[in-house]
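# Requesting a structural model of the entry that follows:
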Amino acid sequence: MKNQPFIICLIDDDDIYQFTATRRIEQEKIAKKILVFSEAENALQFLVDNIADNENLPDIIFLDLNMPVMDGWEFLEEYTRLKPRLAKRITLYVVSSSVSKADIDRAKKIEEVSDYLIKPVSKNMLLTVINDVLKIQSYSESQPIAGEK
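Numbering: from 1, shown residues only. All right, here's what the predicted structure looks like:
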């Protein structure tokens, strides 16, 4: 999996999770850049500021649900409105310590959420995510963009 062109974004207020997730991503050499945000509103502002910049937008977002000020659910509401204007298709995963069936079901009903992952994210789970994203990107590249023939 070396030299993957991924930009991975972590949105999580837990410093320990940020450190371990970043380290695992670096060890597996699956990202050319890792963006880390402790506050969801800062991540959202980054997306807005880079809305048309394909080179800076992440390929994958790992979003925590339980954060102060703007939680993951609120981020998802805003992201859903923003998504059609983004210059890049982003694959979003909810990553939470919550094993609540209500949280899992709610997340899986949101079209923008690719899957719900329970912390801690293992090496195998991370590699499965990367393989899934590669399949999504490969499929997306073979599909015409809306309005094109």
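# buried ones in stretch 91-101?
Under the neighbour-count criterion of 16 or more other CB atoms under 10 Å, stretch 91-101 has 91, 92, 93, 94, 95, 96, 98 buried. In short, each C-beta sits where N, CA and C put it, glycine included.
# Which residue, other than its chain neighbours, is closest to the last one?
Residue nearest to residue 98 in three dimensions, not counting chain neighbours: residue 65, with 6.2 Å by CB to CB, 6 or more residues apart in numbering.
# What residues does residue 138 make contact with?
Under the criterion of CB atoms under 8 Å, 6 or more residues apart in numbering, residue 138 has no contact partners.
# Any stretches of the chain with poor pLDDT?
1-4, 139-149 (pLDDT under 70).
# That one: helices as residue ranges?
Assigned by DSSP state H, the chain shows helices spanning 15-28, 40-49, 72-82, 101-108, 123-142.
# Throw those into CSV and include distance to residue 9, thanks.
Shown next, in CSV, are these (distance: least, CB to CB, whole Å):
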stretch, distance to residue 9
helix 15-28, 11
helix 40-49, 7
helix 72-82, 11
helix 101-108, 17
helix 123-142, 13
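# So which of those is nearest residue 117?
Set against residue 117 and scored by CB to CB, the helices of the chain come closest in helix 123-142, at 6.2 Å.
# Cool, thanks, signing off.
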